[in-house]
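[1] I would like the atomic coordinates for the input below:
(2 chains)
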Amino acid sequence: MNTKMKQFADASKEKFASLENQLSGVLKPIKPRKEFVHGVAQRIQTAPRATFVDRIANWHLLAMVIAGLISLAVFLAIVGRALFSLVGKKRTA
Amino acid sequence: MPEPEEQDTLLRASQGDLDAFGILYEKYVERIFNYVYYRTGNVHDAEDLTARVFYRALHHIHTYTDRGLPFSAWLYRIAHNLVANWHRDRSRHQEIPLSDAPIIHYKGEPPEVAMMQNQERDALLRLIRHLPSERQHLLILKFVEHMSNSEIGETMGRSEGAVKSLYHRTLLSLRDDLEDSDLEE
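    Coordinates of the predicted model:
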């Protein structure tokens, strides 16, 4: 029984070894084209710089819009309150 | 865990230093290209997706946090997601067009034998591409990158034992597939 099991294990090992040989023959490192590698490297160095700048610019723009909205709200509140008090004074007079 | 000199480069890259990101790109572009190439099966899509991996990495590098895994694991995760989307966008897996697959010349073999070997090679590649993605990833790291089980474990976020076990199951499954396709004599 042990011999049979050993034979089975040996056969299985051999099959695995043959499969591993096939795999190492098929899965080989492939060099990407130089033009492709350099092209992406250049785009990384140029286009995304604008993205970084854009990100900062967007932050500034967003901050300015929020600040503007708050200022507008405060202004409207002040004007509204002034008008309200004027109307109130007129009524009491 | 990233190497000490790489940690500095990573820190600079995450702060917006494009030259530092360029260093990381040069270091990893071939590995990511190989991963994507063997997952998609053609050079054109491999180039397109590899470029997208690095653009996405560049846009998100400021969110990168060192969790004790190699930086390549982060890139492979991005690549995995993009390849998964690429497969989802297609109703069926794309096969390697013969004109696109690198032709391997077997020295000293007659042309008909070499052709047979190339056909067997294409058939095996097709079987590999039908494996679950993590098994494909494991085979690529093992045979293309020549990584040890512990390095594969670090990259895939698994223990060395789990990698060994997954590798064994992958070989078993491939062997069965090969027998089914009558590729093996």
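
[2] Tell me the gap between stretch B:41-60 and the middle of its chain.
    Centre-to-centre, stretch B:41-60 and its host chain are 12 Å apart (Cα atoms, centre = their mean, to the nearest Å).

[3] Spell out whether that stretch and chain A are in contact.
    Yes: for stretch B:41-60 and chain A, the contact criterion (Cβ under 8 Å from any Cβ of the partner chain) is met by B:43, B:46, B:47, B:50, B:51, B:54, B:55, B:58, B:59. (Each C-beta comes from the backbone N, C-alpha and C, glycine too.)

[4] Just to check, the fifth one is in contact with residue A:38?
    No: contact status for residue B:51 versus residue A:38: not in contact, 11.8 Å apart, counting by Cβ atoms under 8 Å.

[5] quick one, strands of chain A?
    Ranges of strands in chain A, per DSSP state E: none exist.

[6] Of all residues in it, which one is closest to chain B?
    As assessed by Cβ to the nearest Cβ, chain B sits closest to residue A:27 within chain A, at 3.7 Å.

[7] Report all helices and strands that the helix or strand containing residue B:75 contacts.
    Per DSSP states H and E, residue B:75 falls inside helix B:71-89. Here helix B:71-89 touches helix B:18-40, helix B:43-60, helix B:133-139, helix B:149-156, going by 3 or more Cβ pairs under 8 Å, 6 or more residues apart in numbering or on different chains; DSSP states H and E.

[8] JSON lines for those, including mean neighbour count and mean pLDDT?
    Putting these into JSON lines (neighbours: other Cβ atoms under 10 Å in any protein chain shown; pLDDT from 0 to 100) gives the following:
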{"stretch": "helix B:18-40", "mean neighbour count": "21", "mean pLDDT": "94"}
{"stretch": "helix B:43-60", "mean neighbour count": "19", "mean pLDDT": "94"}
{"stretch": "helix B:133-139", "mean neighbour count": "19", "mean pLDDT": "94"}
{"stretch": "helix B:149-156", "mean neighbour count": "19", "mean pLDDT": "92"}
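
[9] from what I can see residue B:53 touches residue B:39, true?
    No: look at residue B:53 against residue B:39 with Cβ under 8 Å: they stay out of range, at 11.5 Å.

[10] shared neighbours of the two, anything?
    Counting by Cβ atoms under 8 Å, 6 or more residues apart in numbering or on different chains, the shared contacts of residue B:53 and residue B:39 are residue B:79.

[11] check contacts around residue B:24.
    B:6, B:9, B:10, B:13, B:57, B:71.

[12] what's the neighbour count on residue 15?
    Looking at chain A here, since you left the chain open. 16 (other Cβ atoms under 10 Å in any protein chain shown).

[13] um, chain B though
    Residue B:15: 10 neighbours (other Cβ under 10 Å).

[14] Alongside chain A, which residues does chain B contribute?
    B:16, B:18-19, B:21-22, B:25-26, B:29-30, B:33-34, B:37-38, B:43, B:46-47, B:50-51, B:54-55, B:58-59, B:102, B:104, B:120-121, B:124-125, B:128, B:139-140, B:143-145, B:171, B:174-175, B:178, B:184.
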